[in-house]
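Undergrad: A structural model of the following input is requested.
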Amino acid sequence: MWYYIDMLFHYVAADVAGKMTEGDFEADALADVLRFLAGKQLSPISVKPMERTKLGIKGFFGGGINTSDKVFLTKYLALMLRVGTDLLSAVNILLDDFDKPSVRNFLLEVRENLSKGQPFYIAFARYPRVFSPTMVNLIKAAESSGSLQKTFEDLSSSLERDADIQSKVKSAMIYPIILLCMATAILTFLVTFALPKVADVFTQSGIKPPWFSQVVFTVGLFLGANIYVILPSLLVLVAATVWAVIKTNTGKRTFDRILTSLPVIRTTYHELAIQRMASTISSLMRAGLPIVQTITIAAETVGVGEYREALLRIANDGLSKGLTIGEAFRREKAFPKMVTNLVAISEKAGHLDEVLATLSDFYESNVDANIKALVSLLEPAMLLIMGVMVGVIALAIIVPIYQLTTQF
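TA: This next block holds a predicted model:
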C-alpha cells in the first residue's frame with residue numbers, strides 16, 4: 001500500500017528588499033503556496049508543481065523508505081543533536097545528503113512542519129506503514145521530555161538489530177529457495193521433454209513397461225501436457241496465499257497455526273515475538289509512556305496471534321482494572337514461565353525496563369542460534385527431497401530401458 005504526501009511546488013520569490021529566494025513547499029493547491037509566500041512577505045516570481053512521489057515501505061527498485069534509510073536518519077539526527085545542532089538545521093543538512101525522492105519528500109514535510117511550529121513526530125505519524133507505532137510514540141515522548149538525542153540513538157540501535165535479524169532470516173532462506181527452484185526446473189524439464197520421448201518409445205514398440213514406470217509416465221505426461229496451465233495456476237495460488245496471509249486476519253491466524261506446528265520454526269517464531277515484545281516494552285517504558293498504552297503498542301508488534309491477544313488482555317482486563325504488571329502477566333499461559341516470573345520479580349525490584357532489555361538480548365541470541373539450526377536442517381532436507389524426486393523419475397526411465405535391452 002502506498003501513501004502520498006501533498007503535492008510539491010518549487011517556488012522562486014523576492015522579499016521586500018528585492019533579494020531572490022527559492023525553495024520547495026508542499027500543499028494541496030497553488031493557492032496554498034501563494035498564501036504561504038504572502039505570509040512570509042515574499043512576492044512570487046515562479047511557482048511550478050513538481051512530480052508527486054510515492055512514500056511507502058517498499059517501492060519498485062527500492063523507491064520507498066526502507067530500514068537502511070531509517071537507520072541512517074535516526075543515527076544522523078542523534079549525531080547532529082549531540083553536537084548541538086537544532087532539529088531544523090539538522091533536517092536541512094540531511095536534505096543535502098539524500099537524493100532518494102521518497103526520503104527527500106519526507107524530510108521536506110518534516111521541515112515544513114517544524115517551520116510551522118508543529119511537533120516533530122507529526123510527520124512520522126502520517127505514515128504508519130513506514131514508521132511503526134513504537135517509533136512514533138518514542139519520538140513523541142522524547143520530544144515532550146527533551147530526550148530526542150538518546151531516543152534516536154536507541155532507535156538506531158534497535159533498527160539495526162531488527163535489520164540484522166531480518167537479514168539472517170533472508171540469508172537462511174536463500175539456499176533452500178535456490179534448491180527449490182533448481183528442483184522445479186529439473187522436474188519441469190523431465191516431465192516436459194524427457195518423459196514424453198521415453199513414453200513414446202514404449203508406446204510405439206508395443207512393450208509394456210513395469211507398473212511403477214507406468215504410474216510415473218502417466219503423471220509426467222499429464223503434467224507435461226498441462227504445464228502451461230499448471231504453472232500459472234500455481235503462481236496465482238501462491239500469490240493469493242501470500243495476499244491472504246498479509247491482508248486478512250483469517251490468513252494471519254492460519255499462517256500462525258502452520259508455523260507453530262513446525263518444531264524448530266515454532267521455537268524461532270515464538271522467541272522472535274518475545275524478543276520484539278521485550279524490546280518494545282522496555283523502550284516505551286524508558287520513554288515514559290503510560291504502561292497500558294505501552295502494552296497495547298507492544299501487542300501490535302509481536303506478530304504472533306496468541307501473544308497479541310494475551311497482551312491486549314493484560315492491558316485491558318488486567319492493568320486497567322488495577323492489577324500489577326506481574327499479576328497480569330502471570331494470568332496469561334501463553335508466555336513462558338521464565339518471562340512471567342522475570343516480569344513479576346523485576347517489577348517489584350523497580351527495574352522492569354532493564355530486565356526486559358536484557359531479556360530481549362537473550363532471545364535475540366536464541367533466535368540467531370535457532371536460525372543456524374534451521375539452516376542446517378533445511379539444506380540436507382531440500383537436497384534429499386530433490387534427490388528423491390529426480391531419482392524416482394530416473395528409475396522410472398532406466399528400469400524399463402534396461403528391461404528392453406535385455407530382451408535383445
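Undergrad: Now stretch 351-359: buried residues?
TA: Buried residues in stretch 351-359, counting neighbours by 16 or more other CB atoms under 10 Å, are found at Leu352, Asp353, Val355, Leu356, Ala357, Leu359. Where you see a C-beta, it was placed from the backbone N, CA and C, and this is true even at glycine.
Undergrad: Show residues contacting that stretch.
TA: Contacts to stretch 351-359, defined as CB atoms under 8 Å, 6 or more residues apart in numbering, come from residues 274, 278-279, 281-282, 285-286, 325, 339, 342-343, 345-346.
Undergrad: same question, stretch 315-326
TA: 291-292, 295-296, 299, 314, 327-328, 331, 340, 343-345, 347-348, 352.
Undergrad: Span of it from start to end?
TA: Distance between the boundary residues of stretch 315-326 (CA to CA, to the nearest Å) amounts to 12 Å.
Undergrad: Walk me through the domains of this protein.
TA: Here the domain parsing of the chain from automatic domain parsing is 2-52, 67-156, 157-408.
Undergrad: where's Val229 relative to Leu37, distance?
TA: According to CB to CB, to the nearest Å, Val229 and Leu37 sit 61 Å apart.
Undergrad: Please say which of those two ends up with more neighbours.
TA: Using other CB atoms under 10 Å, the more surrounded residue of Val229 and Leu37 is Leu37, with 20 against 9.
Undergrad: quick revisit: ranking the domains of the chain by burial, who's on top?
TA: domain 67-156 (a mean of 18; mean count of other CB atoms under 10 Å).
Undergrad: and stretch 385-398, how far from the chain's centre?
TA: When C-alpha coordinates are averaged (CA atoms, centre = their mean, to the nearest Å), stretch 385-398 and its chain have centres 38 Å apart.
Undergrad: And stretch 371-378, by the same measure?
TA: Relative to its chain's centre, stretch 371-378 lies at 21 Å (CA atoms, centre = their mean).
Undergrad: And for that stretch, what's in contact with it?
TA: So stretch 371-378 is contacted by Lys168, Val169, Ala172, Tyr175, Pro176, Val264, Ile265, Thr268 (CB under 8 Å, 6+ apart).
Undergrad: okay but the last one is in contact with Val367, surely?
TA: In other words, Thr268. Yes: taking CB atoms under 8 Å as the definition, Thr268 is a contact partner of Val367 at 5.9 Å.
Undergrad: quick one: average pLDDT of the helix or strand hosting Tyr269?
TA: Per DSSP states H and E: Tyr269 is located in helix 263-287. For helix 263-287, the mean per-residue pLDDT is 84.
Undergrad: Would you pull up how far the following helix or strand past it lies from the middle of the chain?
TA: Next along the chain after helix 263-287, taking DSSP H and E as the criterion, comes helix 291-299. Chain-centre distance of helix 291-299: 20 Å, with CA atoms, centre = their mean.
Undergrad: Quick one: residues contacting Lys168.
TA: Counting by CB under 8 Å, 6+ apart, Lys168 touches Asp368, Ile371.
Undergrad: 10 Å instead?
TA: Taking CB atoms under 10 Å, 6 or more residues apart in numbering, we find Lys168 in contact with Val367, Asp368, Ile371, Lys372, Val375.
Undergrad: Inside helices: which ones of those residues?
TA: Residues of the contacts of Lys168 located in helices (DSSP state H): Val367, Asp368, Ile371, Lys372, Val375.
Undergrad: Present those as JSON lines; the columns should include pLDDT and distance to Ser156.
TA: Shown next, in JSON lines, are those (pLDDT from 0 to 100; distance: CB to CB, whole Å):
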{"residue": "Val367", "pLDDT": "82", "distance to Ser156": "20"}
{"residue": "Asp368", "pLDDT": "81", "distance to Ser156": "20"}
{"residue": "Ile371", "pLDDT": "78", "distance to Ser156": "23"}
{"residue": "Lys372", "pLDDT": "78", "distance to Ser156": "26"}
{"residue": "Val375", "pLDDT": "74", "distance to Ser156": "28"}
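Undergrad: For Leu62, give me the pLDDT.
TA: Quick fix: residue 62 is Gly, not Leu. 40.
Undergrad: Okay, helices next: where are they in the stretch 101-250 of the chain?
TA: Shown for the stretch 101-250 of the chain, the helices assigned by DSSP state H, counting those that start in this stretch span residues 101-115, 121-125, 133-145, 148-189, 195-205, 211-225, 227-247, 249-259.
Undergrad: before we move on, back to that, quick check: of the contacts of stretch 351-359, which lies closest to Leu138?
TA: Arg286 (8.8 Å; CB to CB).
Undergrad: Leaving out the residues flanking it, which one is nearest to the closest one?
TA: Asp353 (5.2 Å; CB to CB, 6 or more residues apart in numbering).
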